[in-house]
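A.B. asks: Structure for this input, please:
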Amino acid sequence: QDLLAQLVLARSEADAAKLEASHQKAAADASAASAAAGRDADMLAEELEHAKEREQLWKIAARSRISYTSFDPGDFALFLPTSNGFFVAFNRGCPFRYLSSESLEAAKAKCGENLSYVVGPVIEIHESQAMDEPKCNPYGLPVGTPYYVCTISVQ
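C.D. replies: Model (predicted):
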């Protein structure tokens, strides 16, 4: 019986040692996995930061491009002189966008009287309709034609 007890005890000690080794390996694996997860989280955070930076750069680039198919506040617009002294927005499918007299005066003050173009971000747009009286139709448009006066920040 002593021999049997010793065998059972030895077997129990071996099993206990194996169990302890198994626990140590599991702890080591968990620690390694945690470290890897930490590195993965750091890498994901870094990738997210780079994505945010790229998005910001695209937004800046988009704001600095000249709009010509639509005009909204914040869009960059290019205005070219007409034969009657007004400046009209370079456009495709968006006619009758004129530079405000305030913006034109600011451009002349900044760049001189002989302007070949004016460019800048649109600050505001006022919609009007050509009427029969000259004060309400400064651009000589047919009566009833909608037109837009754009105020820009001169660049």
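A.B. asks: Would you tell me which strand is longest in this structure?
C.D. replies: strand 118-129 (DSSP state E).
A.B. asks: so what strands line up beside it?
C.D. replies: strand 76-81 (antiparallel), strand 146-152 (antiparallel) (DSSP bridges).
A.B. asks: Redo the ones you listed as TSV? Include mean neighbour count.
C.D. replies: Every residue, glycine included, has its C-beta placed from N, CA and C. Listed next are these as TSV, based on neighbours: other CB atoms under 10 Å:
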stretch	mean neighbour count
strand 76-81	20
strand 146-152	19
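A.B. asks: same question for the longest strand of the chain, mean pLDDT?
C.D. replies: Summarised as a single mean, pLDDT over strand 118-129 is 94.
A.B. asks: in the chain, which spans are strands?
C.D. replies: Using DSSP E, strands in the chain cover 66-67, 76-81, 87-89, 97-99, 118-129, 146-152.
A.B. asks: For stretch 140-152, give me every contacting residue.
C.D. replies: Contacts to stretch 140-152, defined as CB atoms under 8 Å, 6 or more residues apart in numbering, come from residues 71, 77, 79, 84, 89, 96-100, 102-103, 118-132, 137, 139.
A.B. asks: List buried members of these by neighbour count.
C.D. replies: With neighbours counted using 16 or more other CB atoms under 10 Å, the contacts of stretch 140-152 contain these buried positions: 71, 77, 79, 89, 96-100, 103, 118, 120-122, 125, 128, 130, 137.
A.B. asks: I'd like the distance between K108 and A28.
C.D. replies: Distance, K108 to A28, using CB to CB, to the nearest Å: 76 Å.
A.B. asks: Check the average confidence over stretch 96-109, would you?
C.D. replies: 96.
A.B. asks: Please apply the same query to stretch 145-155.
C.D. replies: 94.
A.B. asks: what's the answer for stretch 68-75, then?
C.D. replies: Mean predicted lDDT for stretch 68-75 stands at 90.
A.B. asks: likewise stretch 46-59?
C.D. replies: 76.
A.B. asks: Using PDB, write down the CA coordinates of stretch 83-96.
C.D. replies: Extracted C-alpha coordinates of stretch 83-96, given in PDB (Å, rounded to 0.1, in the frame of the first residue of the first chain):
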ATOM      1  CA  SER A  83     -16.400  94.300 -71.900                       C
ATOM      2  CA  ASN A  84     -18.700  96.500 -69.700                       C
ATOM      3  CA  GLY A  85     -16.300  96.500 -66.700                       C
ATOM      4  CA  PHE A  86     -18.100  93.900 -64.600                       C
ATOM      5  CA  PHE A  87     -16.400  90.600 -63.500                       C
ATOM      6  CA  VAL A  88     -18.300  87.400 -64.100                       C
ATOM      7  CA  ALA A  89     -17.400  84.000 -62.600                       C
ATOM      8  CA  PHE A  90     -15.700  81.500 -64.800                       C
ATOM      9  CA  ASN A  91     -18.400  78.800 -65.000                       C
ATOM     10  CA  ARG A  92     -20.000  75.900 -66.800                       C
ATOM     11  CA  GLY A  93     -23.700  75.700 -66.500                       C
ATOM     12  CA  CYS A  94     -23.800  78.400 -63.700                       C
ATOM     13  CA  PRO A  95     -24.300  81.700 -65.600                       C
ATOM     14  CA  PHE A  96     -24.900  85.100 -64.100                       C
END
